[in-house]
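Asks: Quick check, what structure comes out for this input:
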Amino acid sequence: QVLTEALDRVRTAGATVAARVSPQHARELTPTLLAAGVEVLVVQGTIISAEHVSAEDSAGEPLNLKTFIGDLDVPVVAGGVSDHRTALHLMRTGAAGVIVGYGSAEGATTTREVLGIGVPMATAIADAAAARRDYLDETGGRYVHVIADGDIHSSGDIVKAIACGADAAAL
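Replies: Next up is the predicted model:
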């Protein structure tokens, strides 16, 4: 009830109602979010693939994003990614948008510690934009939005992200 009321306030204000879930909790939380009126679902994790495997998944089975997205009546944005292959893989699941990056670089994620690497945002965005071009050719014109999420500290960073191929930037 509290969630529904909160989302109603967002909708009444004229904004699109969106909610973010982690891949390991997507199956569990999405029905409640949809019942509350979510219009866009964001499935975002530090490391994500078209078939997410997590020990925390209460169902005990991997979340197959292609099946999961195909069963929903709302657009799904998925991410974060940092390379061409993963971006293209997520586009092929039917995602309406792909998030490039992992949010704020200052303590919000453990990607560098978990993977032992970091990918500069300009390179990651350019890779995802190239994947989108490949996907456009592959599908005959299905456009997937690329959203930069991370290392955005000024208006100049937004401009750079768009110049590298992003459609939007998460702030």
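
Asks: how about Ala19, what does it touch?
Replies: By Cβ atoms under 8 Å, 6 or more residues apart in numbering, the contact list for Ala19 reads 7, 33, 38, 40-42. Any C-beta I mention is one placed from the backbone N, CA and C, and that applies to glycine too.

Asks: part of a helix, is it?
Replies: No: Ala19 is assigned strand when assessed by DSSP: H, G, I helix; E, B strand; the rest coil, not a helix.

Asks: tell me which residues form a beta bridge with it?
Replies: Leu41 (DSSP bridges).

Asks: what about this structure, any weak spots by pLDDT?
Replies: The chain contains residues with pLDDT under 70 at 47, 49-60, 103-119.

Asks: for the protein, what spans make up the helices?
Replies: Assigned by DSSP state H, the helices in the chain fall at 2-12, 26-35, 65-70, 84-91, 111-115, 121-139, 155-163.

Asks: Tabulate those helices in a markdown table, adding columns for mean neighbour count and distance to Ile99.
Replies: Formatted as a markdown table, those follow (neighbours: other Cβ atoms under 10 Å; distance: least, Cβ to Cβ, whole Å):
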| stretch | mean neighbour count | distance to Ile99 |
| --- | --- | --- |
| helix 2-12 | 12 | 20 |
| helix 26-35 | 16 | 14 |
| helix 65-70 | 18 | 13 |
| helix 84-91 | 23 | 9 |
| helix 111-115 | 13 | 13 |
| helix 121-139 | 19 | 9 |
| helix 155-163 | 15 | 12 |
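
Asks: Between those helices, which one is closest to Ala169.
Replies: helix 155-163 (4.7 Å; Cβ to Cβ).

Asks: Centre of the chain to stretch 38-49, how far?
Replies: Its chain's C-alpha centre lies 4 Å from the corresponding centre of stretch 38-49 when counted by Cα atoms, centre = their mean, to the nearest Å.

Asks: now do stretch 151-168
Replies: On Cα atoms, centre = their mean, the centre of stretch 151-168 falls 17 Å from that of its chain.
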